[in-house]
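Any chance you can model this:
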Amino acid sequence: MFISIDTGLNELDQLAELPVTLAMTEAGLFLERLVSEPTFLRAEILPLLGRVAPSRDPYIARTYLSPMGGCSLQFFVWAPGAGTPIHDHTSWGAYTCVVGSLQEERYERLDDGTEPNRARLRAAWRRMWRRGDGATTVAPYDGGIHRITNPGSRPAISVHLYGPRMGSLDGRDYDPSRDYVCDRFED
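Down below sits the predicted model:
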């Protein structure tokens, strides 16, 4: 079934109304359908390859909001070596790699979260994601602590879908070398 950005954005507000676990599953399926469309890849993704500049940080090349504002669809461009800090989100999310490859590292929180600005983490798993590997999902807060990097020598592009925030923050950033966590506000 053909899915366009416009058609898809209308579907996203329906996802925002679902319970978190079901929304994450449906978000992953939505992304898989979207990025399998040749028209989507030609119109939305391939032009981004010409906009890759050397950077240690990924950048958001495009953002689409669903009509009611319940979800956002974002296209990230990753130069070789670019990566995020270890972080979480205040929303559920799903992403898929459509160009190149990305490494995702997931973490588990070992403490109970009662001490302000303190968090003890343990690495849970690591995986490389490539085009065709499907979508991965993250739950809000401690259910989705992760870091994403482009360890390769070529650019990578990923498509991310985020549900409604469950708080005023964008999420939290973690520094396991100091057992530190801090709130992250949207730029």
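
Name whatever forms a beta bridge with Glu108.
Beta-bridge partners recorded for Glu108 (DSSP bridges): Arg122.

How much space separates it from Ala119?
Using CB to CB, to the nearest Å, Glu108 is found at 11 Å from Ala119. All C-beta spots, glycine's among them, are computed from the backbone N, C-alpha and C.

Of these two, give the one with the bigger neighbour count.
More crowded of Glu108 and Ala119, by other CB atoms under 10 Å: Ala119, with 23 against 13.

Give me the contacts around the worst-scoring helix or strand of the chain on mean pLDDT.
The weakest-scoring helix or strand in the chain, judged by mean pLDDT, DSSP states H and E, is helix 5-16 (a mean of 80). For helix 5-16, the surrounding residues in contact (CB atoms under 8 Å, 6 or more residues apart in numbering) are 23, 26-27, 30, 34, 40, 44, 64-68, 70-71, 73, 161, 163-164.

same check, this time on stretch 125-139
Contact with stretch 125-139 is made by 20-21, 24-25, 27-29, 31-32, 35, 88-89, 92-106, 144, 146, 158, as judged by CB under 8 Å, 6+ apart.

Give me the buried subset of the contacts of helix 5-16.
Among the contacts of helix 5-16, those classed as buried by 16 or more other CB atoms under 10 Å are 23, 26-27, 30, 34, 40, 44, 64, 66, 70-71, 73, 161, 163-164.

In helices only, show me those.
The helices, defined by DSSP state H, take in Ala23, Glu26, Ala27, Phe30, Leu34, Phe40 from these.

Let me see the contact set for the fourth one.
Phe30 makes contact with Ile3, Gly8, Glu11, Leu12, Leu15, Ala94, Leu161 under the criterion CB under 8 Å, 6+ apart.

Buried ones among these?
Neighbour-count burial (16+ other CB under 10 Å) applied to the contacts of Phe30 gives Ile3, Gly8, Leu12, Leu15, Ala94, Leu161.
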